[in-house]
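Enquirer: need coordinates for the following:
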Amino acid sequence: MTRKHMMEQMSELFLKCTDTHSKGQKEYAKEDNAFRNFESVAEKLELGKDKVILTYLLKHIDGICSYVNGVKEQRDSIEGRIQDAIIYLALLHATMKSSDSKSNASFTHLPVWEKKND
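Expert: Here you go, the predicted structure:
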């Protein structure tokens, strides 16, 4: 696979992740709080929302590991598991950035998949 083809695949994957995340936000993030669902679970379990997000991520990592180890027939598609894992990593990243306001300033650039070709 060429680097160009790899970048095209990554851009396509990230766009799918963004779409999936947007749909999830409508379902889970009421009142314009991107973390509402995780905060609700965290409160019930007396955990930090980062640990809740990590728990959700690990569920998908377990499924991905099973797939790599030969369990090809699963309830969820491997593509969906990978996309969800990426989304949970992005959410975990956002929780870390939101707790460090100095780091937030460095995140004003557009992601690769949103850059406009000039």
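Enquirer: nearest residue to the middle of this structure?
Expert: residue 87 (0.9 Å; C-alpha atoms, centre = their mean).
Enquirer: now that one: how far from residue 71?
Expert: 22 Å (C-beta to C-beta, to the nearest Å). All C-beta atoms are positioned from the backbone trio N, CA, C, and that covers glycine.
Enquirer: which residues of the chain fall in helices?
Expert: 3-28, 36-45, 49-68, 78-98, 101-104 (DSSP state H).
Enquirer: now these as TSV including mean pLDDT?
Expert: Below are the helices of the chain laid out as TSV (pLDDT from 0 to 100):
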stretch	mean pLDDT
helix 3-28	92
helix 36-45	94
helix 49-68	96
helix 78-98	94
helix 101-104	43
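Enquirer: nearest residue to residue 20 in space, please, no chain neighbours.
Expert: Once flanking residues are discounted, residue 20 sits nearest to residue 83: 5.6 Å by C-beta to C-beta, 6 or more residues apart in numbering.
Enquirer: how many neighbours does residue 7 have?
Expert: 12 (other C-beta atoms under 10 Å).
Enquirer: with residue 81 instead?
Expert: 20.
Enquirer: surely it meets residue 67?
Expert: Yes - if you go by C-beta atoms under 8 Å, residue 81 and residue 67 touch, sitting 7.3 Å apart.
Enquirer: overlap in contacts, these two.
Expert: With contacts defined as C-beta atoms under 8 Å, 6 or more residues apart in numbering, the residues adjacent to both residue 81 and residue 67 are residue 74.
Enquirer: any idea how far residue 91 lies from residue 66?
Expert: Residue 91 is 23 Å from residue 66, where distance means C-beta to C-beta.
Enquirer: of those two, who's got more company?
Expert: Between residue 91 and residue 66, counting by other C-beta under 10 Å, residue 91 is the more crowded of the two (22 against 14).
Enquirer: residues contacting the residue nearest to the more buried one when sequence neighbours are not counted?
Expert: Spatially, and ignoring its direct neighbours in sequence, residue 91 is nearest to residue 53 (5.2 Å; C-beta to C-beta, 6+ apart). Applying C-beta under 8 Å, 6+ apart, we find residue 53 in contact with 38, 88, 91-92, 95.
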